[in-house]
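1. Would you be able to build a 3D model of this:
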Amino acid sequence: NDKGFSRIPLNRKGSIERQAKEVPGCPRNSFSQSMPPAPVPRKGPLKHRPRRVKAIYNCIADNPDELTFTEGEVIVVDGEEDHEWWLGHIEGDPVRRGAFPVTFVHFVAD
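-> Numbering: from 1, shown residues only. Purely as a prediction, here's the structure:
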């Protein structure tokens, strides 16, 4: 006595027969259209070249964690503190590092 369960007719394969749902704006489902494309294999970690910027003004640090540089020096960008201050070091002199104002530099075309 299965109260609460309804009997659903089964097709010949023994699975529950259901109407295919149609999604507005999508073509009728077929096997080739309902399966997503196979994902492209991962190539491992991406190796980005470091972003480089060039100083367009002289900058004297106000705080010990800021970078002092002169116009024309190239800075390798290590990260972003926020939209106005980035972190980096002078190219060829990694000891000279710190935060610098984005408005004092422009991107170098590699």
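2. the helices in the protein, which residues?
-> 31-34 (DSSP state H).
3. Any stretches of it with poor pLDDT?
-> For the chain, residues meeting the criterion pLDDT under 70 lie at 1-50, 110.
4. Spit out the contact partners of the residue nearest to Ala61 when sequence neighbours are not counted.
-> The shortest distance from Ala61 to any non-neighbouring residue, by CB to CB, 6 or more residues apart in numbering, is to Thr68 (4.5 Å). The way it works is simple: take the backbone N, C-alpha and C, and place the C-beta from them, glycine included. Residues in contact with Thr68 (CB atoms under 8 Å, 6 or more residues apart in numbering) are Cys59, Ile60, Ala61, Arg96, Gly98.
5. how does it look with 10 Å?
-> Asn58, Cys59, Ile60, Ala61, Asp62, Ile90, Arg96, Gly98, Phe100 (CB atoms under 10 Å, 6 or more residues apart in numbering).
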